[in-house]
Structure formats: C-alpha cells, structure tokens
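>>> Give me a 3D structure for the following:
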Amino acid sequence: MEIGKSFSKYYHTISWLILGLLLISFLGFNKTYFYHFPSFRGTSLVIHFHVISIFCWFLMLFSQAMLAKNGRIELHRKIGKLSYLLVPLILVGFALVTNYGQLKQKAPDLLGASIFDGSLFVLFYALAIIYKKNSDYHAKYMILSAVPFINPGLGRFLSPAVSLPVEFLLILILLMIAYIKKKPYRPFLVALGSFLVLLTIIVYISIIQLSIIESLWTVIWG
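Numbers count the residues shown, from 1 in each chain. The predicted model follows:
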C-alpha cells in the first residue's frame, strides 16, 4: 500500500484528534499559560519552548496527513525527516519543564505522569520509524504518537482519573474499528498492551511503592 493511500484513510482521524488536542490543551493550560497572552508575564522561556515544540509536532502530523492525502508524497517525506530534529527537541522540552516544575514544588506524582506520557510518545514514534516502510503501520503509529498528549491537558482540566481512561478508550476504539473492518490492527493492539504495562509500572512506583519515585526525586533534585 502506498503511503499516500494509507495516510489518506486516516486523514480525518488525525485532523479530529489534533483539533481535539488543541482544545484540550487550551482548557487544561488556560489559567497557567494561555490566559496570560500576549505578555505572558512571569512565564519562563522553558514553558514557551515546551509549548512550541509540542505545537510543532501537532502541526507536522496534520500537514503530513494533508500532504499524503493530496498525493504530495515527496514533500511528506521531507517534512517527516524534520522529526529527527523535532523529537529530541520535544524530549528536551519535557525534561526542562519537568525540572522547572519540580524545582518550584516537589511533586513526585507529576514526575510519574511525565515519565508515563514521555515514554508512550517515544515508544509510538520509535515504532513509526521502525515501520516507515510499512505505510499502514507507520500511519497508525504516527496517529498514536499524539495520544499521550491527551493526559497533560485533560488531566489538568478535569483529572487524570478521566484523562487516562479516555486515552485507553481511544486506543481500544481504534483497535475495534480496525478489527471489525478487517484492517491491520496490530499497532493498536501493541499500543493498548504498552499502555497497560507502562501504566502498571507507573502506578506501582508512584502509589504502591511510593518510596521508588521518592528516591528517584531525591537522586535528581534532593
């Protein structure tokens, strides 16, 4: 299957997901960030860097899907290569904003959440690159790379008790749709399993054995 046909099928999925993420991000970070537009008085450059890098990822996902849908595959591939630079920048942003937040206020629970979100993002992106020659798998993993960004915004706007089930249900729905339509569903199955395994680990070190995340915090910031 050509990459254009593959991404064309998922264009609307990506479009709605990105629009939803933008809305969730606005709601979740309105009081602490967007409300202060345009002066952003007192906002650290670290926060701006983090926000811009993630917005660039959303923009790249949307533009790549649109380009592939319109048959502009060469431009799609060229823009895709920017991810080799953008992903490290996003990870640097994750690290910087986590460090910034923990220095202001000790919050091991948020550290656990950052590890969870960041690990899922890296995993889905890495799988997208591994399967870049399998356009159907590649497209699905690129869609999945946006899912971990639901938790930060929706978790702050409502609660992680809502945002995490939403992420789980979204992956499950995508899996069921692919299965019912007899389309390749393995990426969604892998994503669902990875989500549950990683969540179990984070719950264990952050809640059941709180001393683990406390010790990690002490090693880094103590």
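>>> and the next element down the chain from the longest helix along the chain?
As assigned by DSSP state H, the longest helix anywhere in the chain is helix 3-29. Counting by DSSP states H and E, the next helix or strand C-terminal to helix 3-29 is helix 45-69.
>>> okay, the angle between the helix or strand that that following helix is followed by and helix 3-29?
Next helix or strand after helix 45-69 toward the C-terminus (DSSP H and E): helix 73-81. Interaxial angle of helix 73-81 relative to helix 3-29 (axes from the mean of the first three to the mean of the last three CA atoms, to 10 degrees): 40 degrees.
>>> V162 sits in which helix or strand?
helix 160-180.
>>> Counting by contacts, list what the next helix or strand after that helix packs against.
Scanning forward in sequence from helix 160-180 by DSSP H and E, the next helix or strand is helix 186-203. Judged by 3 or more CB pairs under 8 Å, 6 or more residues apart in numbering; DSSP states H and E, helix 186-203 is in contact with helix 108-130, helix 135-144, helix 160-180. In short, each C-beta sits where N, CA and C put it, glycine included.
>>> Could you count how many residues lie near T218?
Per other CB atoms under 10 Å, the neighbour tally for T218 reads 12.
>>> Correction: the previous question concerned I73.
Residues near I73, counting by other CB under 10 Å: 15.
>>> With I79 as the reference, measure out to it.
Relative to I79, I73 is positioned 11 Å away (criterion: CB to CB, to the nearest Å).
>>> Thank you kindly, that will do.
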